[in-house]
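Colleague: can you look at this prediction? I've put the sequence above it.
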Amino acid sequence: MDFTKPVQCKNGRKVEITNACDHVLFCGTPMPIEGSLDGSQFLQSWSIDGEYIPGEPTSFDLVNVPEPKTFRKEFWVNVYDLNNPIPSPWHFTKQSADYRIGQRKACVKVVVEGKEGDGL
């Protein structure tokens with residue numbers, strides 16, 4: 001558990017850590033992490049290990065929010081003279097772009113990088 005990164009419950013509910021203290025106890029177990037679920041005004045407590053009920057796994061235990069997956073795509077695009085425009089779709093390989101060469105002026109490699117959810 002890395003509290004320097006965003007956390008959520010195992011069930012996916014959003015958690016905002018609001019306080020780290022040492023005075024809250026649950027059956028004698030320190031519960032130093034306090035925060036709110038889904039923006040609620042009521043505080044919840046967790047152990048330093050992120051357990052909602054120490055020693056008993058629950059869906060309210062804390063986990064780090066998964067990092068979004070990254071991707072990198074490469075495409076090839078033929079470039080033509082503006083006076084003689086020819087539709088030029090992207091190609092997965094340069095060989096495919098070369099096959100559709102026509103009277104191109106250039107063949108450009110385009111690299112797109114992003115994270116899941118970027119809308120690309």
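Modeller: Structure received.
Colleague: so what's Gly114 bridging to?
Modeller: Note on Gly114: beta-bridge partners by DSSP bridges are Phe71.
Colleague: so how far is Phe92 from it?
Modeller: For Gly114, the distance to Phe92 equals 17 Å [Cβ to Cβ, to the nearest Å]. For the C-beta atoms, the positions are set from N, CA and C on the backbone; glycine is no exception.
Colleague: settle it for me: which of the two has more neighbours?
Modeller: Gly114 (14 against 11; other Cβ atoms under 10 Å).
Colleague: that one touches Lys69, doesn't it?
Modeller: No. Using Cβ atoms under 8 Å, Gly114 is not in contact with Lys69, being 9.8 Å away.
Colleague: mind giving me the domain split of the protein?
Modeller: Per automatic domain parsing, the domain ranges recorded for the chain read 7-64, 70-115.
Colleague: who's sitting farthest from the centroid in the chain?
Modeller: Ranked by distance from the centre of the chain (Cα atoms, centre = their mean), the top residue is Asn83, with 43.7 Å.
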